[in-house]
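Trainee: sequence and predicted structure are below.
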Amino acid sequence: MSKQRNLKSVLIGGVAMASLTMLHMGTALAADFKEAPQLADKVKAGQLPSVEERLPKSPSVMEPITSVGEYGGTLRRAILGGGDQHNIVRLIGSENLVRWSPNWSSIEPNIAESFEVSDDATTFTFKLREGMKWSDGEPFTADDIMFWYEVLLDERLTPSKHPNFVETAGPVQVKKIDDTTVEFKFEEPNGLFLQNMAYGFGYYVVNFPKHYLAQFHIDHNPDVQKLVDAEPAAADWVQLFNLKAGPMHTPIFWQNADRPTLHPWHLKNGYGATERVVAERNPYFWKVDPDGQQLPYIDQITWDQVEDVEAILLKAFNGEIDYMARHIGRPVNLAALTDNKDRGKYDFYQVGDIPGSQTALMFNLNNADPVKNEIVNNLDFRKAVSHAVDREAINDIVYLGAGNPVQTAPHPLSPFYNEEWAKHSTSYDPEKAGALLDSIGLDKKDEDGFRLGPDGERFTIVFLVADVFGWQYPDVMELVAGYAKDVGLDFQVRASDRSRLFEIVSSGEHDAYLWNCPGGLVDAYANPDCYVPRGQAVFWAPKWAAWGADPSTGTEPPEEIKELFEIYRGVTSTADPAKQEEALVKLIDSASKQLLTVGLIQSNGAFGIARNNLRNHVDPMPIAGQLWTPAPYTSQFYFEGGDNLP
Amino acid sequence: MSSRHLAVFLWYHPWRATSAMFGFLYRRLLYMIPTVFLISVVTFVIIQLPPGDYLDTLAAELSDSGGLDEGTMQALRDQYGLGQPMYVQYLKWMSQILFHGNFGISFEKNIPVNDIIWDKLGWTFAISLMTLLFIWMTALPIGIYSAVRKYSAGDYIATFFGFIGLAVPNFLLALVMMYVAFKYFGQSVGGLVSPQYLGEPWTFDKFLDLLAHIWMPIVVVGTSGAAALIRIMRANLLDELYRPYVVTARAKGMSEFQLLLKYPVRVALNPFVSTIGWILPTLVSGEIIVAVVMNLPTTGPLLLRALLVQDMYLAGSLILLVSILTVIGTLVSDLLLAWIDPRIRYQ
């Protein structure tokens, strides 16, 4: 509980976006930098330049989370055989121009030495670190960012661009001022750009090493065909380029160990083809501690490939996992992990993985069936459903009482928590639900006790549900269908696998589905998916979302939805944090009155395990869909005693 | 099944000219071509039957873990060339295999299927062979014993454990054994070598470590097979033990042990040999759960994952190779059968 308060106290101040003007982090002055013993050996042997030459002129000086560390040890983890690239991304990959502070409250320079935002939130200038180098020792300069920009603009390579870098008028304008200064310019205010650059997807900009990738680009290397012929997985240069310059959040990136990076550790072998993925210390890493010791402290990271989540648990019990929350930090595992704490020599840390709603009923408000569409768009219908389900019982039966039985709304730890939103229409009251349903014309029932729609047919809603995230959605849905039946509603449950569900909902052919909502904490700024139909994954109103992105597509929403778009513009059109917060609060207030989604349960976060001598890790550690933690703070982790516990 | 191609003749027929054997071999090899072809077509079609493709799976996973953007998807869709008609994809795949030995590219791993599977097939093959040996080494003596000492205490014990072995699902046995090894012996369970040897070059220590681990999957996978064979052996042998030829041989003063091994056991041996062909597909497909639970580096988990994400060339290649091996295994077991049992003739 004390930890919770801890997180709260930092978040409550709101997003104090550190500065709109020049921000300088303390420049390291110490001329005598120190390095890891292995690297010192290599320097002695003449295989590596000295640490002063490897570091930029002003490395990023990291304030220790708890204490200054010592070198040594291997951070051991486990990874699933496929589709688990975020296991690597979030640990070492997320090093962007700017970063969120460890408690997710303000934005600090990271790869950039400093940044500047114009008052109208249209121009963002980043100053890079002079003398900074890629993991292979080649210089990292503004040209690398310009190379990324060239690829972004190239229709052959990037036919459709990431929303972070486009606005209605077209893609962002990027300009190289000098070798270490880059300017991003938008036509309209883009108040969230800096946040987005600190979040995961900011990675694009700083992951295009020109000296390496140019060889795969036909404009830079006319002989690229030779390389294409040598690569069995590519048929032409575009495929080859996409293979070598693949997005970091997909497996492709991590299958190519040759691509230079700016990460604290660099892959020694590709992910997927071997039983163990190994990442070694990047000798050119550009962060140091206050004593001038070059980071990272830990020598290497290993991920043992396993096929089953249970195998990770077993490894944890045996002390073969040094730091991990992914896959195992679920309430169901808590008892077993606690039992084996002494044997595995680990302890728990808190993970602030807090969604707007962990389990929410999402009706497709753009249903192709006009009869159903009219009913689900009636607020009283959604209110009735909300009163018909017994959230407390679901919470107790399925989640062992670990969640909060509330609507889709900010969590109590969030700076914008409001009890009114959370408790809106959450009382379990079947009679009220029945009365509401009667009042909207669903008052006739068939011989089985199910309500008839206005067309005289039984009113049926088909719910898609997949067993994902370990949150037992199918179990929840069965309970919900039971409550719906009690008030005469026919909710059919269709369990399917995730990809099938995804396929159906993304084509908008569904009546309803069960999923989660982001926006429980500060991520509500950038991911308000359930408060306004904006984003790539808004399947509760796909056509409104399409209209919102481009009014020539999709369906024009009703006034109250248009108003949400308008309010949200207040968040994006300014760089003033106070105005942004005001707009966001107004948005959530307006959205929660409309019950766009019927939230059932909100989780209070998860947990992870860290071995007893692992120091300097953030606890509680915030994490979110776009907040790819523990990076960029992993390089500060260290083992007390310089090695893993036996 | 193997016996379909064989005719069992009256038992006094001798093993005849070798030309018959070559004719049989030739015919069987010929039959294998359409069989394997059909398998490859069915495989390819079935893998693609579920709606969606690898990219839908990827899209779903990406949207779980931090958001999805259309740009990435579009680029990937072009990358993988998905969207061509199925027969075009099939023909491309097949011709590459036949003319270049190239099984295509794994979508998920972006490397040639060839680079992934041989290692795993090797392990699968090794574990299969060892499992087969384990089954034989346990089932043969126990089966003989429980037939010869019918209704003795030993027979009842063997029967009891035989039925348990048959009834307990393999993966459950795997879980129980892992639990015991973990709880009481403090062993690092799962996988074939301890974590410190992962990815290291082979040394004698690593080999010893391998031996300390590999018996567990062998016992788990072999138990039900051994239990079944014990029952079959017992039943077959009981049929033979009271035949006139046994009585005759005994009357002529042949020693009991020699008699037993030389005649009835030899006759009862058929099911041992005819299972050779099945053990491989059992291990590859039937024991996927065991392999997943025990974290074995065999083809099972690879195939499961490939099917789940619709990594079709990888899945197709695995199923195709395993099918070919099964067809070959069946042929080998038929030939061995004919060699062991003179009553069987090629026709």
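Mentor: Right, received. Where do you want to start?

Trainee: can you pull the pLDDT of residue A:16?
Mentor: Looking at residue A:16, its pLDDT reads 41.

Trainee: which residue does the stretch 201-347 of chain B have closest to chain A?
Mentor: Closest contact between the stretch 201-347 of chain B and chain A, by Cβ to the nearest Cβ, is at residue B:301 (4.0 Å). Glycine gets a C-beta too; all of them are placed from N, C-alpha and C.

Trainee: please identify the helix or strand for that residue.
Mentor: Taking DSSP states H and E as the definition, residue B:301 sits inside helix B:299-308.

Trainee: ok, then the element right after that helix?
Mentor: helix B:312-340.

Trainee: got the buried residues for that following helix?
Mentor: Residues of helix B:312-340 classed as buried by neighbour count (16 or more other Cβ atoms under 10 Å in any protein chain shown): B:312-323, B:325-327, B:329-331, B:333-338.

Trainee: which among these are in contact with chain A?
Mentor: Residues of the buried residues of helix B:312-340 in contact with chain A (Cβ under 8 Å from any Cβ of the partner chain): none.

Trainee: ok so, going back, got the contact list for the nearest residue to the residue of the stretch 201-347 of chain B closest to chain A once chain neighbours are set aside?
Mentor: Once flanking residues are discounted, residue B:301 sits nearest to residue A:307: 4.0 Å by Cβ to Cβ, 6 or more residues apart in numbering or on different chains. Taking Cβ atoms under 8 Å, 6 or more residues apart in numbering or on different chains as the criterion, residue A:307 is in contact with A:80-81, B:291-292, B:295, B:301, B:304-305.

Trainee: point out where the chain drops to low pLDDT.
Mentor: Defaulting to chain A. Filtered on pLDDT under 70, chain A yields the residue ranges A:1-31.

Trainee: not quite, I wanted chain B
Mentor: Along chain B, segments meeting pLDDT under 70 span B:1-19, B:50-52, B:60-84, B:188, B:279-280, B:283-286, B:344-347.

Trainee: report the secondary structure element holding residue A:303.
Mentor: With DSSP H and E as the criterion, the answer for residue A:303 is strand A:300-306.

Trainee: that strand pairs with which strands?
Mentor: If you go by DSSP bridges, strand A:300-306 pairs up with strand A:74-80 (parallel), strand A:276-281 (antiparallel).

Trainee: mean neighbour count added to the ones you listed, as a markdown table?
Mentor: Compiled in a markdown table, the strands paired with strand A:300-306 are given as follows (neighbours: other Cβ atoms under 10 Å in any protein chain shown):
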| stretch | mean neighbour count |
| --- | --- |
| strand A:74-80 | 23 |
| strand A:276-281 | 21 |
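
Trainee: out of these, flag the one nearest residue A:584.
Mentor: strand A:74-80 (35.5 Å; Cβ to Cβ).

Trainee: now that closest one - C-alpha only, CSV.
Mentor: Taking C-alpha atoms only, strand A:74-80 is exported to CSV below (Å, rounded to 0.1, in the frame of the first residue of the first chain):
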residue,chain,number,x,y,z
THR,A,74,24.2,-11.7,-16.3
LEU,A,75,20.5,-10.8,-16.2
ARG,A,76,18.7,-14.0,-17.0
ARG,A,77,15.2,-14.1,-18.4
ALA,A,78,13.0,-16.4,-20.4
ILE,A,79,11.3,-15.7,-23.7
LEU,A,80,8.6,-17.6,-25.6
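
Trainee: and the contacts of it?
Mentor: For strand A:74-80, the external contacting residues (Cβ under 8 Å, 6+ apart) are A:87-88, A:91, A:271, A:277, A:298-307, A:309, A:311-312, A:315, A:320-324, A:327, A:614, A:637, A:644, B:195.

Trainee: repeat that for 7 Å
Mentor: Residues outside strand A:74-80 that contact it (Cβ atoms under 7 Å, 6 or more residues apart in numbering or on different chains) are A:87, A:277, A:298-306, A:312, A:315, A:320-324, A:637, A:644.

Trainee: circling back to that earlier point, next one: the next helix or strand after the strand holding residue A:303 to chain centre, how far?
Mentor: Moving toward the C-terminus from strand A:300-306, the next helix or strand (DSSP H and E) is helix A:309-317. Between the centre of helix A:309-317 and the centre of its chain there are 25 Å (Cα atoms, centre = their mean, to the nearest Å).

Trainee: can you check stretch A:318-328 too?
Mentor: 20 Å.

Trainee: how far does it stretch from start to finish?
Mentor: Counting by Cα to Cα, to the nearest Å, you get 14 Å between the two ends of stretch A:318-328.

Trainee: same question for stretch A:158-178.
Mentor: Taking Cα to Cα, the first and last residues of stretch A:158-178 lie 26 Å apart.

Trainee: and the contacts of it?
Mentor: Against stretch A:158-178 from outside (Cβ under 7 Å, 6+ apart): A:142, A:145-146, A:149, A:151-153, A:182-188, A:190, A:196, A:201, A:204, B:69-71, B:74.

Trainee: mind listing what residue B:86 touches?
Mentor: Residues in contact with residue B:86 (Cβ under 7 Å, 6+ apart) are residue B:48.

Trainee: what do you get for residue B:112?
Mentor: A:232, B:102, B:105 are the contacts of residue B:112 under Cβ under 7 Å, 6+ apart.

Trainee: hmm, 6 Å instead?
Mentor: By Cβ atoms under 6 Å, 6 or more residues apart in numbering or on different chains, the contact list for residue B:112 reads A:232, B:105.

Trainee: bridged to it, which residues?
Mentor: Counting by DSSP bridges, residue B:112 forms beta bridges with residue B:105.

Trainee: the residue in the stretch 501-646 of chain A positioned nearest to chain B and residue A:364, how far apart?
Mentor: Of the residues in the stretch 501-646 of chain A, the one nearest chain B is residue A:502, at a distance of 3.8 Å by Cβ to the nearest Cβ. Remark: distance between residue A:502 and residue A:364 (Cβ to Cβ, to the nearest Å) = 14 Å.

Trainee: ditto for residue B:213
Mentor: With Cβ to Cβ as the criterion, residue B:213 and residue A:364 are 51 Å apart.

Trainee: ok, now residue A:58?
Mentor: With Cβ to Cβ as the criterion, residue A:58 and residue A:364 are 53 Å apart.

Trainee: same check, this time on residue A:132
Mentor: Distance of residue A:132 to residue A:364, given as Cβ to Cβ: 48 Å.

Trainee: how about the residues of the stretch 201-347 of chain B by chain A?
Mentor: When proximity is defined by Cβ under 6 Å from any Cβ of the partner chain, the stretch 201-347 of chain B lies next to chain A at B:292, B:295, B:301, B:305.

Trainee: wait, isn't the second one in contact with residue A:306?
Mentor: Spelled out, that is residue B:295. Yes - the criterion here is Cβ atoms under 6 Å, and residue B:295 meets it with residue A:306 at 5.3 Å.

Trainee: helices of the stretch 151-300 of chain A, residue ranges please.
Mentor: Counting by DSSP state H, counting those that start in this stretch, the stretch 151-300 of chain A has these helices, from start to end: A:193-198, A:210-213, A:224-230, A:237-244, A:251-255.

Trainee: in which helix or strand would I find residue A:596?
Mentor: Assigned by DSSP H and E, residue A:596 belongs to no helix or strand.

Trainee: put the alpha carbons of stretch A:245-262 into CSV.
Mentor: This file holds the C-alpha atoms of stretch A:245-262, laid out as CSV (Å, rounded to 0.1, in the frame of the first residue of the first chain):
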residue,chain,number,x,y,z
ALA,A,245,15.3,-2.1,-41.4
GLY,A,246,12.2,-3.8,-39.9
PRO,A,247,10.2,-2.1,-37.2
MET,A,248,11.5,-2.6,-33.7
HIS,A,249,8.2,-3.7,-32.3
THR,A,250,8.0,-6.7,-34.7
PRO,A,251,10.1,-9.8,-34.6
ILE,A,252,12.1,-8.8,-37.8
PHE,A,253,14.2,-6.3,-35.9
TRP,A,254,15.4,-8.8,-33.4
GLN,A,255,16.2,-11.4,-35.9
ASN,A,256,19.0,-9.2,-37.4
ALA,A,257,21.9,-9.0,-34.9
ASP,A,258,24.0,-7.0,-37.4
ARG,A,259,21.9,-3.8,-37.3
PRO,A,260,23.7,-1.3,-35.1
THR,A,261,21.7,0.2,-32.3
LEU,A,262,21.9,2.8,-29.5
